[in-house]
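Colleague: The sequence and its predicted three-dimensional model are supplied below.
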Amino acid sequence: MGRGYAWLDTGTVDSLHNAAEFVQAVENRAGIQIAALEEIAFNNGWIDEAELTKSAKKYGKAPYGQYLKRLWKVKY
């Protein structure tokens, strides 16, 4: 695995907790969502802006919906 990847062992309750804390810290500090499927699809051209907007509306005011709305605004 190259730069930007992390292997997180989640075989025990403690390691699962540590992995969750790591993901939360990265998302909060970087202002990104890890493994946001709509973001991946949009950036790869698998869905268009209409589909991204539809997904953002589906999630509404939830943090994930707001994140998807910001993606569209940043891109255009």
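Modeller: Looks like it came in fine.
Colleague: Helix, strand, or coil at the closest residue to Gln33 other than its chain neighbours?
Modeller: With C-beta to C-beta, 6 or more residues apart in numbering as the criterion, Gln33 has its nearest non-adjacent residue at 5.4 Å, and that residue is Tyr67. No exception for glycine: its C-beta is placed from N, CA and C like everyone else's. In three-state terms, and counting by DSSP: H, G, I helix; E, B strand; the rest coil, Tyr67 is helix.
Colleague: quick one: pLDDT of Tyr67?
Modeller: What the model reports as pLDDT for Tyr67 is 92.
Colleague: next helix or strand past whichever strand or helix holds His17?
Modeller: Here His17 sits within helix 13-30, counting by DSSP states H and E. With elements assigned by DSSP H and E, the helix or strand that comes after helix 13-30 is helix 37-43.
Colleague: From the rest of the structure, what touches that next one?
Modeller: Residues outside helix 37-43 that contact it (C-beta atoms under 8 Å, 6 or more residues apart in numbering): 33, 46-49, 51-52, 55-56, 67-68, 71, 75.
Colleague: Secondary structure, neighbour count and distance to Ala19 for those - can I get that in a markdown table?
Modeller: Shown next, in a markdown table, are the contacts of helix 37-43 (DSSP: H, G, I helix; E, B strand; the rest coil; neighbours: other C-beta atoms under 10 Å; distance: C-beta to C-beta, whole Å):
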| residue | secondary structure | neighbour count | distance to Ala19 |
| --- | --- | --- | --- |
| Gln33 | coil | 17 | 16 |
| Trp46 | coil | 11 | 27 |
| Ile47 | coil | 18 | 28 |
| Asp48 | coil | 11 | 33 |
| Glu49 | helix | 12 | 33 |
| Glu51 | helix | 13 | 30 |
| Leu52 | helix | 20 | 28 |
| Ser55 | helix | 22 | 26 |
| Ala56 | helix | 20 | 27 |
| Tyr67 | helix | 18 | 21 |
| Leu68 | helix | 23 | 24 |
| Leu71 | helix | 22 | 25 |
| Lys75 | helix | 10 | 30 |
